[in-house]
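Chemist: Would you be able to build a 3D model of this:
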Amino acid sequence: MRKMTYGEGIREGMRSKMLEDPNVVLLGEDVGPYGGTFGVTKGLWEQFGEERVRDTPISEGIIVGASVGAAATGLRPVAELMFIDFLTFGMDGLVNQAAKMRYMFGGKISVPLVLRLPAGGGISAGAQHSGSLEAWVTHVPGLKVVYPSNAQDAWGMMLTAIEDDNPVVYIESKVLYSKKYEVDDKVAAIPFGVASIKREGSDVSIITYGKQVDDALSAARALAKEGIEAEVIDLRSLYPLDQKGIRLNTREYNIPQLNDQTFKFLLPLQIMQRGLY
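Modeler: Residues are numbered from 1 along each chain as shown. As a prediction, the model looks like this:
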């Protein structure tokens, strides 16, 4: 075991696949020599060169559009937008092109695109830099959506995301980038659609993902002092959703609690409809 930050886990997942496959490329604003807004791509430009780690103009539409075209013609791009809020400028390329191309071409084309989106509040970045828009993309047919909560999952799910022949929206919690976690010496790809039980409990099940996993674990420890044993389920993958795993655990304990940062109750409602019933 070793200690590694959440951001380093994401980076090592990208580095591993770039070493394996020359078709894996990175692009985004300041992902090159600067190392990314949050330092996640630090060192990759020096290691792989400007042909594979490309700085882009300040245009999310261009970043997403170029990534869709690159993916459709043989590359495996990993694109970064500085903040998930700016996805609004790239939604046409993601929703109307990347998500639909395989269907529209009868399965004759693949779009192996990974779109990295730093999300959530907690860093005093302002309202238009602190959104949690995962409910939007989770409801788009043709997209896979993941939201790792720790360095090990960040690494393993990045491996799976890059290997996938479909567009994957890879959401990252900004407040976790510098937080350290224990990581196995050898990290394997983590399949999508498989939740992880972070804590066993027999009274209540807390279902969550991303930053809220740490919050849920803290709450579970506090509940334990009151004699209440809470199970904590980390979804990891929002689509596909681990419906079977959620259903089995919540039926056993029968008191599910859903915890997320999305607007209103769009994502929790989806979890309840697909996972609990």
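Chemist: Work out for me the element I171 sits within.
Modeler: Per DSSP states H and E: I171 is located in strand 168-173.
Chemist: Can you list the strands that that strand pairs with?
Modeler: Neighbouring strands of strand 168-173 in its sheet, by DSSP bridges, are strand 114-119 (parallel), strand 144-146 (parallel).
Chemist: C-terminal to the first one, what's the next element?
Modeler: Think strand 114-119. helix 134-138.
Chemist: With just CA atoms, put that following helix into CSV.
Modeler: Extracted in CSV, the C-alpha atoms of helix 134-138 (Å, rounded to 0.1, in the frame of the first residue of the first chain):
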residue,chain,number,x,y,z
GLU,A,134,-24.2,15.2,-12.8
ALA,A,135,-28.0,14.8,-13.0
TRP,A,136,-28.0,16.4,-16.4
VAL,A,137,-25.5,14.1,-18.0
THR,A,138,-26.8,11.0,-16.2
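Chemist: So what's the model's average confidence on that helix?
Modeler: Average pLDDT, helix 134-138: 92.
Chemist: Also stretch 11-21?
Modeler: Average pLDDT, stretch 11-21: 98.
Chemist: Which positions within it qualify as buried?
Modeler: In terms of neighbour count (16 or more other Cβ atoms under 10 Å), stretch 11-21 has its buried residues at R11, E12, G13, M14, R15, S16, K17, M18. C-beta coordinates here come from the backbone N, C-alpha and C atoms, glycine included.
Chemist: same question, stretch 156-167
Modeler: G156, M157, M158, L159, T160, A161, I162, E163, D164, N166, P167.
Chemist: will you turn these into a markdown table that also has secondary structure and distance to E200?
Modeler: Putting the buried residues of stretch 156-167 into a markdown table (DSSP: H, G, I helix; E, B strand; the rest coil; distance: Cβ to Cβ, whole Å) gives the following:
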| residue | secondary structure | distance to E200 |
| --- | --- | --- |
| G156 | helix | 21 |
| M157 | helix | 23 |
| M158 | helix | 27 |
| L159 | helix | 27 |
| T160 | helix | 25 |
| A161 | helix | 28 |
| I162 | helix | 32 |
| E163 | helix | 31 |
| D164 | coil | 31 |
| N166 | coil | 33 |
| P167 | coil | 35 |
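Chemist: quick one: contacts for the residue nearest to A99 when sequence neighbours are not counted?
Modeler: Distances taken as Cβ to Cβ, 6 or more residues apart in numbering place G142 nearest to A99, at 3.2 Å, with adjacent residues excluded. Contact analysis of G142 by Cβ atoms under 8 Å, 6 or more residues apart in numbering lists A98, A99, K100, R102, Y103, N166, P167.
Chemist: at 7 Å instead, please
Modeler: A99, K100, Y103, P167 (Cβ atoms under 7 Å, 6 or more residues apart in numbering).
Chemist: out of those, what pair is the most spread apart?
Modeler: Y103 and P167 (11.8 Å; Cβ to Cβ).
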